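In: starting from these lines, generate the structure:
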Amino acid sequence: MLATVKGYYEKGKITLKEKAPLHTKTEVIVTFLTEDKPVLDKRIPGALKGKISIPDDFNNPLDDLKSICNGI
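Out: The predicted structure is shown next:
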């Protein structure tokens, strides 16, 4: 069963504005509704330079596909 109950988060606690429709222990998923944008780390151009490489034979046919390609 899915149920939605409004509430608010303040100082590490969640307070519900309504009574929960369940009386037994159950798992919950909490979604924070906020106007704030998440803080993202600033992108650093070239940060992966030297960490990624493409092999020289990248465009060569794969051995697994040779039998299919030979029929074309």
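In: the closest residue to Tyr8 other than its chain neighbours: neighbour count?
Out: Excluding its sequence neighbours, the residue lying closest to Tyr8 (Cβ to Cβ, 6 or more residues apart in numbering) is Thr15, at 5.8 Å. Every residue, glycine included, has its C-beta placed from N, CA and C. Applying other Cβ atoms under 10 Å, we find 8 residues neighbouring Thr15.
In: what sits against Thr15?
Out: Taking Cβ atoms under 8 Å, 6 or more residues apart in numbering as the contact definition, Thr15 lies against Gly7, Tyr8, Tyr9.
In: leaving out sequence neighbours, find the closest residue to the first one.
Out: For Gly7, the nearest residue in space outside its immediate sequence neighbours is Leu16; the separation is 4.0 Å by Cβ to Cβ, 6+ apart.
In: so how far is Val5 from the one you found?
Out: Distance, Leu16 to Val5, using Cβ to Cβ, to the nearest Å: 5 Å.
In: number of residues surrounding the residue nearest to Gly7?
Out: Other residues close to Leu16 by other Cβ under 10 Å number 10.
In: and it, how far from Leu33?
Out: From Leu16 over to Leu33 (counting by Cβ to Cβ), the distance is 14 Å.
In: before I go, just wanted to say thanks for your time.
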